[in-house]
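**Student:** Would you be able to build a 3D model of this:
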Amino acid sequence: MEANTVIQAVYEQVLARNPGEAEFQQAVKEVLDCLGPVLKKHPEYVEAKILDRIVEPERQIMFRVPWQDDKGNIHVNRGFRFEFNSALGPYKGGLRFHPTVSASILKFLGFEQVFKNALTTLPMGGGKGGSDFDPKGKSDNEVMRFCQSFMTELFRHIGPDTDVPAGDIGVGGREIGFMFGQYKRLRNEFTGVLTGKALNWGGSLIRPEATGYGCVYFAEEMLKTRGQSFEGKVCTVSGSGNVAQYTIEKLNQLGAKAVSLSDSNGTIYDPDGINTEKLAFILNLKNVKRGRIKEYSDKFGVEYLEGKRPWGIKCDCAFPSATQNEIDVEDAKTLLKNGCTLVAEGANMPSTPEAINQYITNKVLYGPAKAANAGGVATSGLEMSQNSARLSWTREEVDERLHNIMIAIHNQSYEAAEEYGQPGNLAMGANIAGFVKVADSMLDQGLV
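**Tutor:** Numbers count the residues shown, from 1 in each chain. I've put the predicted structure just below:
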């Protein structure tokens, strides 16, 4: 059977089995569209129905999460865990607490995670989970009661050699701590079952910084292919959470100038650059006060673009670090028109397919999320290693390992793109390199 016929049949099956799940359908299509040359070269993947198997989670868990607020009122949220693929190791992927969480969102993230984790060179499968619970505006005690209820069900499905969740949007050190405490209480064991832990009880140095640092390290490798560096580059960054914060910190260290940050209400534009002092204000604003980004413009007297994203600001490099589909085709055209030559994705699937087509057609250096933002899960994998060995590495050791992993991810993606006739197309290269590694492992392990 023709490779394209096989791909189309699998995609139609995904549409039929997952109706209304637009994000998941988009993520699957993005990968499948890259695999025609791979199936021609490896007919054994078609015979073993690897595509049919890889688009189905190995296990899907959905459960209710009842909890009580400070006034004694009872609320019920939904909890999820999608354990997508364990061919390379224990399921690994974050937990997201946000009102927009749905099966579609988590399946897309879990599917992406499979290939992202494969690229890290570490032994990790892919999964994702979370809840439609919103931690914003809740007291610490309310968040604790929710996390304890959530883990009271989740604990039976996870473990250090089975499934090792981490944080994601809405799940930071506070939430990880409450969930870990409940897991320990229920299982009577202290194991590395969650990553993103506090340093004094098993966490890893560099973990909060890892996704942002890793994204910049990956972008640095892309620039090197054109004989360039970050020195003097003007960069726009969206979002204002961990990824955006530490993307800016690393850009500053490498001589670039970051001029924007955003949240769901709007964007700040600081043409002088968000330097170390201003970044410290952001870290306190977002991580301690949990305030809105507009406070930055009030404090430093810079422009605030209410209700807008940063993609209209002139820049050399763009780092979408907020959420999925935040750059559409018109945003992409605006970036190109304003001279942007590099897009590195710190968020998961932040560019629409039409936007990605604009990057590739116009030879923009494009770092797709599953490669460029893999630094977070890579450092979670390093945290797992430290937990297993009951030891702790220095900040410099972890940073060096992270840097080397991001270089390796870029090299794998670049070489796969070359091998399959798409030189420079890192989106295709990353999808192919991740897929081939998982597919070969599935073949080795038989029909599972």
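**Student:** next structured bit after the longest strand along the chain?
**Tutor:** The longest strand of the chain (DSSP state E) is strand 74-85. For strand 74-85, the following helix or strand on the C-terminal side (DSSP states H and E) is strand 91-97.
**Student:** so for that following strand, what's the average pLDDT?
**Tutor:** In this model, strand 91-97 has a mean pLDDT of 97.
**Student:** partners of it, with directions?
**Tutor:** If you go by DSSP bridges, strand 91-97 pairs up with strand 126-131 (parallel), strand 163-166 (parallel).
**Student:** Could you export those as TSV, including mean neighbour count?
**Tutor:** (Glycine included, C-beta is placed from N, CA and C.) As requested, the strands paired with strand 91-97 are exported to TSV (neighbours: other C-beta atoms under 10 Å):
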stretch	mean neighbour count
strand 126-131	30
strand 163-166	25
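**Student:** mind putting these in TSV, distance to residue 204 and mean pLDDT included?
**Tutor:** Below are the strands paired with strand 91-97 laid out as TSV (distance: least, C-beta to C-beta, whole Å; pLDDT from 0 to 100):
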stretch	distance to residue 204	mean pLDDT
strand 126-131	20	98
strand 163-166	11	98
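**Student:** if we compare those strands, which one ends up closest to residue 413?
**Tutor:** Residue 413 lies closest to strand 126-131 among these, at 17.1 Å (C-beta to C-beta).
**Student:** which residues are in contact with the closest one?
**Tutor:** Strand 126-131 is contacted by residues 61, 65, 77-85, 91-98, 101, 106-107, 109-118, 146, 150, 154, 163, 165, 168, 170-171 when judged by C-beta atoms under 8 Å, 6 or more residues apart in numbering.
**Student:** Just the buried residues of these.
**Tutor:** For the contacts of strand 126-131, a neighbour count by 16 or more other C-beta atoms under 10 Å gives the buried set as 61, 65, 77, 79-85, 91-98, 101, 106-107, 109-118, 146, 150, 154, 163, 165, 168, 170-171.
**Student:** Now distance to residue 335 too, for the strands paired with strand 91-97, in JSON lines please.
**Tutor:** Below are the strands paired with strand 91-97 laid out as JSON lines (distance: least, C-beta to C-beta, whole Å):
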{"stretch": "strand 126-131", "distance to residue 335": "28"}
{"stretch": "strand 163-166", "distance to residue 335": "30"}
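**Student:** tell me the domain boundaries of the chain?
**Tutor:** Taking automatic domain parsing as the reference, the chain has its domains at 3-54, 59-190, 210-372.
**Student:** Could I get the average pLDDT for the last one?
**Tutor:** Translated: domain 210-372. Mean pLDDT, domain 210-372: 96.
**Student:** quick one, the longest strand of the chain and strand 126-131 angle?
**Tutor:** Computed by axes from the mean of the first three to the mean of the last three C-alpha atoms, to 10 degrees, the angle separating strand 74-85 from strand 126-131 equals 170 degrees.
**Student:** can I assume residue 11 is in contact with residue 28?
**Tutor:** Yes. Under the criterion of C-beta atoms under 8 Å, residue 11 makes contact with residue 28 at 6.7 Å.
**Student:** more neighbours, the two?
**Tutor:** Of the pair residue 11 and residue 28, residue 28 is the one with more neighbours under other C-beta atoms under 10 Å, namely 23 against 17.
**Student:** Pull up the gap between the more buried one and residue 128, please.
**Tutor:** The gap separating residue 28 from residue 128 is 14 Å, by C-beta to C-beta, to the nearest Å.
**Student:** got it, and residue 233?
**Tutor:** Remark: distance between residue 233 and residue 128 (C-beta to C-beta) = 33 Å.
**Student:** next one: residue 380
**Tutor:** Separation of residue 380 from residue 128 (C-beta to C-beta) stands at 13 Å.
**Student:** Overlap of the contact sets of the two?
**Tutor:** Joint contacts of residue 380 and residue 128 (C-beta under 8 Å, 6+ apart) do not exist.
**Student:** Run the angle between the helix or strand harbouring residue 436 and strand 126-131 for me.
**Tutor:** Here residue 436, judged by DSSP H and E, is contained in helix 426-444. Going by the same axes, to 10 degrees, helix 426-444 is angled at 100 degrees with respect to strand 126-131.
**Student:** which strands and helices sit next to helix 426-444?
**Tutor:** Here helix 426-444 touches helix 22-32, helix 36-41, helix 43-47, helix 50-54, helix 103-119, strand 365-367, helix 369-372, helix 395-419, going by 3 or more C-beta pairs under 8 Å, 6 or more residues apart in numbering; DSSP states H and E.
**Student:** closest to residue 18 out of the strands paired with strand 91-97?
**Tutor:** Counting by C-beta to C-beta, residue 18 lies closest to strand 126-131 out of the strands paired with strand 91-97; the figure is 14.8 Å.
**Student:** Report the backbone C-alpha coordinates of that closest one in CSV.
**Tutor:** C-alpha atoms of strand 126-131 as CSV (Å, rounded to 0.1, in the frame of the first residue of the first chain):
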residue,chain,number,x,y,z
GLY,A,126,5.4,10.0,26.9
GLY,A,127,2.3,10.9,28.9
LYS,A,128,0.3,13.9,30.1
GLY,A,129,-2.3,14.7,32.6
GLY,A,130,-4.1,17.3,34.7
SER,A,131,-7.4,18.8,35.7
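**Student:** That strand vs helix 103-119, what angle?
**Tutor:** Relative orientation of strand 126-131 versus helix 103-119 (the same axes, to 10 degrees): 150 degrees.
**Student:** burial count for residue 19?
**Tutor:** As a burial measure, residue 19 scores 9 neighbours (other C-beta under 10 Å).
**Student:** Using the three-state scheme, assign it.
**Tutor:** What DSSP: H, G, I helix; E, B strand; the rest coil gives for residue 19 is coil.
**Student:** give the contact list for it.
**Tutor:** Residues in contact with residue 19 (C-beta under 8 Å, 6+ apart): none are found.
**Student:** Ok, the one 4 residues further on next?
**Tutor:** Residue 23 sits next to 104, 105, 107, 108, 324, 325, 349 when contact means C-beta under 8 Å, 6+ apart.
**Student:** Which residue comes closest to it once chain neighbours are left out?
**Tutor:** Nearest residue to residue 23 in three dimensions, chain neighbours excluded: residue 108, at 4.1 Å (C-beta to C-beta, 6 or more residues apart in numbering).
**Student:** related to what we said a few turns ago, just the contacts of residue 23 now: which is nearest residue 306?
**Tutor:** Among the contacts of residue 23, residue 325 lies closest to residue 306 (C-beta to C-beta), at 20.6 Å.
**Student:** Skipping its backbone neighbours, what lies nearest the closest one in space?
**Tutor:** Leaving out its chain neighbours, the residue that sits closest to residue 325 by C-beta to C-beta, 6+ apart is residue 352, at 5.3 Å.
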